Every structure is written in structure tokens, then in C-alpha cells.
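>>> dropping a prediction and its sequence here:
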Amino acid sequence: MTHTTDPLVTVEHVTRTFGATVALDDVSLTVRPGELVGLLGPNGAGKSTLLSLLTGQRRPDRGVVRLYGGDPRDPASRTRLGLTPQETGLPPTLKVKEVVEFIAGHYPDPLPTGELLDLVGLTDLAGRQTGGLSGGQKRRLAVGLALAGRPGLLLLDEPTTGLDVDARHDLWDVLRSYHATGGTVVLTSHYLEEVQALAERVVVIDHGRVLADDTLAAVLARVQLRRVTFRTTAPTGEALAALPGVARCEQDQDGTVDLVTADADALVRDLVTRSVPFEGITVAGASLEEAFLAMTRVDAPHEPTIPTGATR
Ligand SMILES: Nc1ncnc2c1ncn2[C@@H]1O[C@H](COP(=O)(O)OP(=O)(O)OP(=O)(O)O)[C@@H](O)[C@H]1O
């Protein structure tokens, strides 16, 4: 018997390799009912592998994965699970309504077809063959099918990849509606924007490791970094890297300094206070990849942070 606050997902010290590739490296995390969790990470970070362990498609090499308190490979653990794969293979000649009724027929207490179509905004397209749907409509139908059995937990792998802005926003609305009724969502994305729009909690993964697991606001503060570039005649690399908020600092032999910091304003003030001569300063948003890299380096103190004199 599970209680309403029992974790729906428990991952404890899980490692999963593919040959020499370590896809997941000692990953632990817990998801409780009602959470909307974004797994954020660049391509190849390990997000899909983690989901495949939760859905029971794969087994960990080491560690424990539990779904609703049981083994995800046991079908009984998956009865309250809804999922959509990255690719949606819908039979093209079946009509939207027919596909929904077919899938709903497999569940003891499915959402009524009309309610489901309404939820995903496909009521007007109920009579259309799925082959005639746009990419965004297909994706919404796939999410609708994942919701057909009234799952308590929805696992979504890159739900809006390849969709245009409108279709993406429509799908976000579907997920928000489901979450508003108490549903739990875990979704993977390599778009900060998507995670920012939906998630309350963000787990950042890179190279198979959890780099951060925190509230959206806390993670944004760590990943919304600024990139500051300037030329200087002073050998500053080591000193600048030690300043508060600086995540990464490189200085070329020609004196160009390129650094990533959480607070560009404070950095400029520090340059002036320390009488560091600089010219041609530019400040730009650092990419998410740079933020991941900076987090990896910050979290791995034994790695050298400043390749002083490094050429790019
Ligand atoms: N079946 C497989 N065989 C070999 N290597 C694999 C396999 N599946 C995943 N990998 C490797 O494991 C690592 C993690 O891959 P994974 O697909 O989990 O990443 P991801 O974060 O989901 O990336 P993406 O956003 O591109 O889907 C990558 O280096 C990938 O190449």
C-alpha cells in the first residue's frame, strides 16, 4: 500500500554503461507526487538512459531504481505510468478518435474520449486520419494517449523537440493542465526555455552525473551565466579566476581574457577596483553548454580551473 507522499520514483546510486561509455554515473534522485521535474542536460548527457531505467526498458548495472515502490520491470509497477517516446509512431490511416478509443480500451478506468481530446485540444480533429496531422498535433495526440489511463506519473522524453513555437506552447498548456489536477511530470529537455516554462524543480545532468538538483530559481541562478571578454596587458588569469562569481577564466597569449561569471556588473567593478587595465570589453549571455561546462568544473575541484595562457 503506497501513501500519497511516498516517492513515485526512487533512484539510488545508479550506474549504467554502454561498453566504454558511462551513460549514468552514480545517479540518485527521488520524485514525489505532484512534482513537475525537468531533467536538463546537453545531448548525450544521460537523460534518455535515465528515463529508460524508470520505464523498465533497461536495467542499471549498479544501484536501485524503484517506480511506485516496485521494480519498473514488473508490469504491476507501471500501471499508473504514462509515457511518450521521442518518436511517435501512430497508424496513419486510423482516425484520431479511433486511436484514442483503441488505447483507452486497454485501461480499466480511462479518461472519456471527449475529455481527453478536449484536454489536448484535438476535439475539432477527432475525425481526421493521424497521417494528416501536423507534427505538433501528433505530439499532442501522443501526450493525450499517455494520459488515457489517468496515470499518476507522466514521463516525457524531449516532448517538444522539432515543434514550432505555437505547437510547443500548446503542448506546455496540456502539461500544465495535467499537473494542475495533481499529476506528476518528469520531462527531459535540452532547452533551458522549456524547463524554465514548466518545471518547478530542475535536475541538471551532464556526462551521466547530477550537477544540480534544486528549485528552478536556484538552478537558473547557476546556469544563467554571462560571458565577459576584454583585452588586457596585465597577466590576470589566476587572480580573475579567484574572484567571486567567476566560473571559468581563460587568457590567451595575446592578452585576450575570456571569462564566464554569474555577475558581470560585479566583475567590471572588481576590474576597476583592482586597477586591471582593460579595453574592448563585451558582455554576452553564456550558452547553456558553457554553463554546464562551468558547473562541471566547479563541481570537480581537482580539475584545473584556469588554463592560463591557453590558446583557444
Ligand atoms: N544503446 C546504446 N549503445 C551505446 N551507447 C549508448 C546507447 N544509449 C546511449 N548511449 C550513450 O550513452 C550516453 C548517454 O546517452 P543518452 O541518450 O542517455 O543521452 P541524452 O541526454 O538523452 O541525450 P539526447 O538529448 O541526445 O537524447 C551517450 O554517450 C550515448 O551515446
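Received it, and whenever you're ready, just let me know what you need. Residues are numbered from 1 along each chain as shown.

>>> any idea which residue of the stretch 101-250 of the chain lies closest to the ligand?
The minimum distance from the stretch 101-250 of the chain to the ligand, using CB to the nearest ligand atom, falls at residue 190 (5.3 Å). For every residue, glycine as well, the C-beta is placed using N, CA and C.

>>> and residue 90, how far from residue 100?
11 Å (CB to CB, to the nearest Å).

>>> also residue 13?
For residue 13, the distance to residue 100 - CB to CB - is 40 Å.

>>> who does the lengthiest helix in the chain touch, helix- and strand-wise?
Scanning the chain for the longest helix, with DSSP state H as the assignment, gives helix 165-180. Helix 165-180 sits against helix 113-119, helix 135-147, strand 153-157, strand 184-189, helix 192-198, with contacts defined as 3 or more CB pairs under 8 Å, 6 or more residues apart in numbering; DSSP states H and E.

>>> partners of the shortest one in the sheet?
When you say that, I think you mean strand 153-157. strand 81-84 (parallel), strand 184-189 (parallel) (DSSP bridges).

>>> quick one: contacts of the first one?
For strand 81-84, the surrounding residues in contact (CB atoms under 8 Å, 6 or more residues apart in numbering) are 51, 55, 67-68, 139, 142-143, 145-149, 151-157, 159.

>>> didn't residue 223 look like it was pressed against residue 195?
No. Counting by CB atoms under 8 Å, residue 223 does not reach residue 195; the two are 9.5 Å apart.

>>> what touches both of the two?
Common neighbours of residue 223 and residue 195 (CB under 8 Å, 6+ apart) are residue 40.

>>> got the angle for the longest helix of the chain vs strand 184-189?
If you take axes from the mean of the first three to the mean of the last three CA atoms, to 10 degrees, helix 165-180 sits at 150 degrees to strand 184-189.

>>> buried stuff in helix 165-180?
Neighbour counts over helix 165-180 (16 or more other CB atoms under 10 Å) mark 167, 168, 170, 171, 174, 175, 178, 179 as buried.

>>> what about the nearest residue to residue 214 once chain neighbours are set aside, which SS state?
Nearest residue to residue 214, sequence neighbours excluded (CB to CB, 6 or more residues apart in numbering): residue 202, at 6.6 Å. Assigned state for residue 202: strand (three-state reduction, DSSP: H, G, I helix; E, B strand; the rest coil).

>>> now pLDDT and distance to residue 237 too, for the buried residues of helix 165-180, in JSON lines please.
Output for those, formatted as JSON lines (pLDDT from 0 to 100; distance: CB to CB, whole Å):
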{"residue": "167", "pLDDT": "81", "distance to residue 237": "46"}
{"residue": "168", "pLDDT": "85", "distance to residue 237": "41"}
{"residue": "170", "pLDDT": "86", "distance to residue 237": "48"}
{"residue": "171", "pLDDT": "86", "distance to residue 237": "45"}
{"residue": "174", "pLDDT": "88", "distance to residue 237": "49"}
{"residue": "175", "pLDDT": "91", "distance to residue 237": "45"}
{"residue": "178", "pLDDT": "91", "distance to residue 237": "50"}
{"residue": "179", "pLDDT": "94", "distance to residue 237": "46"}
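
>>> just put those in a markdown table and tack on distance to residue 107.
Listed next are these as a markdown table, based on distance: CB to CB, whole Å:
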| residue | distance to residue 107 |
| --- | --- |
| 167 | 27 |
| 168 | 28 |
| 170 | 24 |
| 171 | 22 |
| 174 | 19 |
| 175 | 20 |
| 178 | 16 |
| 179 | 20 |
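
>>> what is the neighbour count of residue 91?
12 (other CB atoms under 10 Å).

>>> then residue 256?
Counted with other CB under 10 Å, residue 256 comes out at 15.

>>> of residue 90 and residue 100, who's got more company?
Neighbours per residue, other CB under 10 Å: of residue 90 and residue 100, the larger number sits with residue 100, 25 against 16.

>>> secondary structure element for residue 163?
Here residue 163 sits in a region with no helix or strand, counting by DSSP states H and E.

>>> residues touching the residue lying closest to it once chain neighbours are set aside, list them.
In space, and not counting its chain neighbours, residue 163 is closest to residue 136: 4.9 Å by CB to CB, 6+ apart. Contacts for residue 136 were tallied using CB under 8 Å, 6+ apart; they are 163, 164, 166, 167, 168, 170, 171.
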